[in-house]
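A.B. asks: no sequence on this one, just coordinates:
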């Protein structure tokens with residue numbers, strides 16, 4: 001509990017610093033919602049640095065990721081994963097936007113995330129589609145829908161999963177996020193929900209609950 005308190009205090013300072021940017025990193029790196037990747041990618045010639053905390057049933061996990069694009073359609077990244085119990089690990093990830101979004105059709109991307117933590121390795125392949133909707137005349141009436149399928153292989157049993165989510169912009173600098181993952185054996189199984197707050201054009205903070213576990217994160221784009 002003390003770790004959670006310290007994490008909340010640290011990120012509270014971050015939130016007080018007061019426009020949305022696009023395609024912020026997920027907890028494990030690829031751009032998207034809080035846990036699920038989307039068909040968005042980091043803007044060309046830019047990169048994100050993101051720090052995240054997840055309580056994870058009192059075995060807290062910290063992640064530090066760098067995510068950037070090397071072309072208009074290709075995003076790459078690397079990260080470190082530090083659990084409270086067990087050895088630290090790493091992750092590598094890439095995402096290819098093979099169908100940009102249009103006014104009529106959603107965008108679609110495919111990607112892979114490779115991780116190795118405490119001698120447990122995992123490789124996740126996924127395909128995801130995203131569509132932006134203007135629900136009204138104001139910017140605060142916009143939303144995006146996302147959905148995809150993934151296949152994970154590694155130390156645990158191989159498994160297919162489906163995932164989806166929505167982000168709804170309800171103020172000029174804040175969006176609400178809700179997500180679902182079908183897998184019941186994965187870290188992110190079940191429902192995730194939270195808020196993402198845009199602190200100027202370069203800083204982003206977010207907080208929420210991942211299958212009931214507290215998550216707090218922040219990111220910077222340069």
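C.D. replies: Everything's here; your move. Note that the structure is a prediction, hence the values are computed from the model and not measured.
A.B. asks: do a quick rundown of the helices in the chain.
C.D. replies: Per DSSP state H, the chain carries helices over the ranges 2-16.
A.B. asks: distance-wise, check residue 209 relative to residue 216.
C.D. replies: Distance, residue 209 to residue 216, by Cβ to Cβ, to the nearest Å: 10 Å. From N, CA and C alone the C-beta is placed, and that goes for glycine too.
A.B. asks: which of these two has more neighbours?
C.D. replies: Neighbours per residue (other Cβ atoms under 10 Å) separate residue 209 from residue 216, with residue 216 holding more: 22 against 16.
A.B. asks: so what's residue 69 closest to, chain neighbours aside?
C.D. replies: residue 42 (4.4 Å; Cβ to Cβ, 6 or more residues apart in numbering).
A.B. asks: for the one you found, grab phi and psi.
C.D. replies: Here is the backbone geometry of residue 42 (degrees, to the nearest 10): phi -60, psi 140.
A.B. asks: just give me the neighbour total for it.
C.D. replies: Residue 42: 25 surrounding residues under other Cβ under 10 Å.
A.B. asks: do residue 88 as well
C.D. replies: So residue 88, with other Cβ under 10 Å, has 12 neighbours.
A.B. asks: residues contacting it?
C.D. replies: 80-82, 117 (Cβ atoms under 8 Å, 6 or more residues apart in numbering).
A.B. asks: can you select the buried ones from these in ChimeraX?
C.D. replies: ChimeraX command restricting the contacts of residue 88 to the buried ones, with burial defined by 16 or more other Cβ atoms under 10 Å:
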select :81,117
